[in-house]
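Asks: dropping a prediction and its sequence here:
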Amino acid sequence: MTYQNYSLKQLQHIDAAHHLHPFTDHKELRAAGSRIITRAEGPFIYDLEGAEILDGMAGLWCVNVGYGRDELADAAYRQMKELPYYNSFFKCSTPTPVLLSKRLAEIAPKGIDQVFYGSSGSEANDTALRLVRHYWALEGKPEKNRIISRQNAYHGSTVAGTSLGGMEPMHQQLGGAVPNIVHVMMPYAYELALPGESDHDFGLRAARAVEDAILEAGADKVAAFIGEPVMGAGGVKIPPASYWPEVERICRKYDVLLMLDEVITGYGRTGEWFAATTYGISPDTITTAKALTSGYQPLSALLVGDRIARTLVEKSGEFNHGYTYSGHPVACAVALANLDIIEKEGLVERVKTDTGPYFAQALQEQIAGKGLVGEVRSVGLMGAIEIVKDKATKERFEGNGKAAVVVRDHAIANGMMLRATGDTMILSPPLIWTRATIDMACERIAKALDLAEADLR
Ligand code: PLP
């Protein structure tokens, strides 16, 4: 029996009865009924009732080549027929992770030549945490194991991911974090810059919070700093240009490893293959997932720099870590086909030179002037809209994010999918968006903002 045999109400009822959703208030979900998406094509998703919605989130920051790509379905089908699964434990390998690793080493920033696979960003960050601590232990410094992260960071939802992340509500439900991870301020000028402080100076101050945390613990106790180049789930917090170079300088000064979490930014979103290049820094590890397969298969790749890899290879016996699906042949086949599309269609370059700048301009011209909007910001095809009650004072509406939900609901009803997190609306569209798609999105968002303002004032 297929889903077509069920009505929307029936599917919602079964969903409510048996399906626990991620990051969801189930009481609210059961009262409202889930929106059931049944198909998608290009930049659009379609729900069970046939509504066409422009997907401003690329699924969940991942469907970068858009929907309905036969090349990816064909790659999966061919690989499933030939070899659906074999592991890469015990000195075995299969061709697609071998070839994908070579490809990733070619596009990764200089000095990064090794890859460790998992199925999700969370798993990749677990791997990264284990790897950097293992690295220092192999270097004879097992006590150099503290990780510095940031408040409001998102690094996944496993125990390690939650502990690395800086989201208070997640910590509260954790019931026991991975020890020795500390969180410093985020580089979020809109709320945290002091009156009269320039972006440049604020960026340096936020970076020095990392130095303070190193000095407080002692450099010989700090393994690494981890950060998303642009904080994604925390609200597309774009750091001032001064931030990352200063963080890198501080990490190098105290011999602290630099771990970038590019689960969102990896594979083109900021207009470079990796945001490490956008911000001109050379990390020791890069966590990637999502757009590696454009979400068509679950796959993550932790890109590992030569310094760590050399020690792992030369000094280690066995690294006691891995997943059944590390280097999954089907997921890796899809990743290879996905990278082909990104390359062939020049999507990274297009974001850099055309759609990224146009997106920034469209947000400024069509959205920033709206009554509810305190700030718009973007880098590449990743943007945020701050919802405020008062543009001048930056005062927020009461209800901690409820106003943004009102905007989001109007947007969806108006054929535009975007996300609300706190008081911030987030956009992270597929990289196939054109100028015309950007205009369509801005028109729909502008209308949603007007309708929401009428409700909220
Ligand atoms: N890291 C970042 C920056 C993310 O945005 C996410 C997910 O959104 C993750 C890690 C976790 O990835 P996953 O949900 O695949 O475990």
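Replies: Here it is on my side, so go on.
Asks: got the phi and psi for residue 380?
Replies: phi 50, psi -130 (degrees, to the nearest 10).
Asks: my read: it touches residue 350, true?
Replies: No - assessed by C-beta atoms under 8 Å, residue 380 is found out of contact with residue 350, at 10.2 Å. For every residue, glycine as well, the C-beta is placed using N, CA and C.
Asks: give me the spatial nearest neighbour of residue 276, chain neighbours excluded.
Replies: Excluding its sequence neighbours, the residue lying closest to residue 276 (C-beta to C-beta, 6 or more residues apart in numbering) is residue 109, at 5.0 Å.
Asks: the one you found: what's it in contact with?
Replies: 274, 276-277, 282-283, 286 (C-beta atoms under 8 Å, 6 or more residues apart in numbering).
Asks: residues of the chain that sit close to the ligand?
Replies: Within the chain, the positions lying close to the ligand (C-beta under 6 Å from any ligand atom) are 120-122, 125, 154-156, 228, 232-233, 261, 263-264, 289.
Asks: let's see 8 Å
Replies: 60-61, 119-125, 153-158, 161, 165, 228, 231-233, 261-265, 287, 289-290, 298, 300 (C-beta under 8 Å from any ligand atom).
Asks: inside helices: which ones of these?
Replies: Among the residues of the chain next to the ligand, the members found in helices (DSSP state H) are 60-61, 121-125, 161.
Asks: follow-up on the earlier one: show me which of residue 380 and residue 350 is the more surrounded one.
Replies: More neighbours surround residue 380 than the other of residue 380 and residue 350, with 24 against 19 (other C-beta atoms under 10 Å).
Asks: how close does the more buried one sit to residue 58?
Replies: 12 Å (C-beta to C-beta, to the nearest Å).
Asks: remind me which residues of this structure are low pLDDT?
Replies: Judged by pLDDT under 70, the chain has no weakly predicted residues.
Asks: can you tell me the residue of it closest to the ligand?
Replies: Nearest residue of the chain to the ligand, counting by C-beta to the nearest ligand atom: residue 121, 2.4 Å away.
Asks: buried sites along stretch 328-348?
Replies: 328-339, 341-342, 347-348 (16 or more other C-beta atoms under 10 Å).
Asks: how far out from the middle of the chain is that stretch?
Replies: Mean-position distance between stretch 328-348 and its chain equals 18 Å (C-alpha atoms, centre = their mean, to the nearest Å).
Asks: what's the answer for stretch 396-410, then?
Replies: 23 Å.
Asks: in the helix ranked longest in the chain, what's buried?
Replies: In the chain, assigned by DSSP H, the helix with the most residues is helix 435-456. Judged by neighbour count (16+ other C-beta under 10 Å), helix 435-456 contains these buried residues: 437-438, 440-442, 444-449, 451-453, 456.
Asks: helices and strands around whichever strand or helix holds residue 171, which ones?
Replies: Using DSSP states H and E, residue 171 sits in helix 168-172. When contacts are defined as 3 or more C-beta pairs under 8 Å, 6 or more residues apart in numbering; DSSP states H and E, helix 168-172 sits against helix 159-164.
Asks: tell me how far the residue nearest to the spatial centre of the chain lies from residue 230.
Replies: In the chain, the residue lying closest to the centroid (C-alpha atoms, centre = their mean) is residue 264, at 2.6 Å. For residue 264, the distance to residue 230 equals 7 Å [C-beta to C-beta].
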